[in-house]
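**Q** Could you work out the structure for the sequence below:
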Amino acid sequence: MFQPDLEKMPRPELEALQTKRLKRMVERIYSLVPFYRRKLDAAGIKPQDILGMEDLLKLPFTRKSDLREQYPFRMFAVEQEEVARIHGSSGTSGKPTVVGYTRKDIQRWAELCARSIVMAGGRPGDVFHNAYGYGLFTGGLGLHYGAERLGATVVPVSGGNRSRQVTLIQDFLPRGIGGTPSFILSLAEMMEDMGLKPWTTSLEYGIFGAEPWSEEMRQTLEEKWGIDALDIYGLSEVIGPGVAMECREAKDGLHIAEDHFLPEVIHPQTGEPLPDGEYGELVFTSLTKEALPILRYRTGDITALHREVCRCGRTHTRMSRIKGRIDDMLIIRGVNVFPSELEAVLLNFEELAPHYQLVVTREKSIDQLTLEVEVSEAWFRSIESSFGQGNERVVQLCKRLQSVVKDTLYVTTKVILKEPKSLPRSEGKAVRVIDQR
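**A** Model (predicted):
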């Protein structure tokens, strides 16, 4: 462990620390952030009303729309000259959400990412190949500073340029790699196309996140690369990557850094708290962030919480792998469908490759779902001369896949099988859903 005294802290001590930090955080935002002062006043809450963890539920939620409405810097709790760095979202659906960091924030963030790398099997002296994007996106710089804080050597290659990435992996001999699972999978495919064997590289562990991915995708990545594939979670509004991380020992949920973040799971519609083990919307309250402390932030991510001690010895609450995002959830004729659930089905078919897109259309007020999925190289070669939607083997595979999807996810879908490498490859987060409604 990178910080065993914190990661293995007994629950009574951890909860006392959380209470102390929560009270201090509420006092800070009430006095320094007019937005939160108005929210707390409207709710009839004063900082002195927060006496313990049970009072967390009295506090109002923060939504992404709040950050956009306070654009660019009105959510900050420090003076401008104290802000050492600014990150933000892409702003593809409007103004970006802007987040700030003091120098202490950056130091704490680096420590959290160093914790995460150690959980994956990293150690000082490693070469770490960082294929997360750099820039306003927090992924690249988050893992970069974490690896340096650990004492590793960072290769800041960022995303894209797959042939160059392959060369650097061969020449620099990294032990660890980080990136989106879909992009790292595409690197393995490129190596195989070049006649190389990705499972023979120096890589031993991978830290993958920034998009929902399934256990079946983990198995695929581990088999192709010969590594341990671990899930990392974070979001810029809270701090970035390192909010939660899987451990190599168990691979059974992501350890939330509870000394810095308070987790909740709520019902997405009612906002009511849900019991441990039940899936709902993930909510975070930051406890130590200086520049942008955030109160009960609704992430839009779907997960469940588990509080039993892990076999690795860490005492912090674990969250299940992200099932999907509320805004990515498809409602098809009254049935909720997450892309990651379909991914899990597809990867159980040896005839299929883990590359797919969901196309949603509406015909006469009825939603229609079309699944476009690539077949595997080996299966394609077996019928290449007659591949097409009229081929009997293609027809039978489509019917079998439709049946399994219907039995598993309770939704009817049209299936179109595609030739290998015919669907677009993403240089970052994979585009899984095309909604044409």
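**Q** my guess is residue 142 meets residue 242, correct?
**A** Yes: counting by Cβ atoms under 8 Å, residue 142 touches residue 242, with 6.1 Å between them. (Each C-beta comes from the backbone N, C-alpha and C, glycine too.)
**Q** Report the set of residues contacting both of these two.
**A** 109, 113, 234 (Cβ atoms under 8 Å, 6 or more residues apart in numbering).
**Q** how about the last one, secondary structure?
**A** Pointing back at residue 234 there. Three-state assignment for residue 234 (DSSP: H, G, I helix; E, B strand; the rest coil): strand.
**Q** returning to what we had before: out of the shared contacts of residue 142 and residue 242, who's the most crowded?
**A** Counting neighbours by other Cβ atoms under 10 Å, residue 113 leads the shared contacts of residue 142 and residue 242 with 31 neighbours.
**Q** which stretches of the stretch 1-150 of the chain form helices?
**A** Assignment of helices within the stretch 1-150 of the chain using DSSP state H, counting those that start in this stretch yields the ranges 4-7, 11-32, 34-42, 64-69, 103-120, 138-150.
**Q** Just give me the longest strand of the chain.
**A** strand 352-363 (DSSP state E).
**Q** Residue 59 against residue 297, yeah?
**A** No: Residue 59 is not in contact with residue 297 according to Cβ under 8 Å; the separation is 11.1 Å.
**Q** Show me the common contact partners of those two, please.
**A** In contact with both residue 59 and residue 297: residue 285, using Cβ under 8 Å, 6+ apart.
**Q** Make a markdown table out of the shared contacts of residue 142 and residue 242 and add distance to residue 372 and pLDDT.
**A** Conversion of the shared contacts of residue 142 and residue 242 to a markdown table gives the following (distance: Cβ to Cβ, whole Å; pLDDT from 0 to 100):
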| residue | distance to residue 372 | pLDDT |
| --- | --- | --- |
| 109 | 39 | 98 |
| 113 | 36 | 98 |
| 234 | 30 | 96 |
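**Q** Let's verify residue 397: helix, strand, or coil?
**A** For residue 397, the reduced secondary structure class is helix; criterion used: three-state DSSP.
**Q** Might you report the residue contacts of it?
**A** Contacts for residue 397 (Cβ under 8 Å, 6+ apart) come out as 349, 351, 375, 417.
**Q** Among those, which are located in helices?
**A** Among the contacts of residue 397, DSSP state H puts none in helices.
**Q** Can you pick out the most distant pair from the residues you listed?
**A** Taking Cβ to Cβ as the measure, those span a maximum distance of 10.6 Å, between 349 and 417.
**Q** Show me which of the two is the more surrounded one.
**A** Ranked by neighbour count (other Cβ under 10 Å), residue 349 and residue 417 place residue 417 first, with 24 against 16.
**Q** pLDDT below threshold where in the stretch 51-200 of the chain?
**A** 90-94 (pLDDT under 70).
**Q** 50 instead, please
**A** Low-confidence segments of the stretch 51-200 of the chain (pLDDT under 50): 92.
**Q** the strands in it, which residues?
**A** Counting by DSSP state E, counting those that start in this stretch, the segments of the stretch 51-200 of the chain that form strands are 85-88, 98-101, 127-130, 153-155, 176-179.
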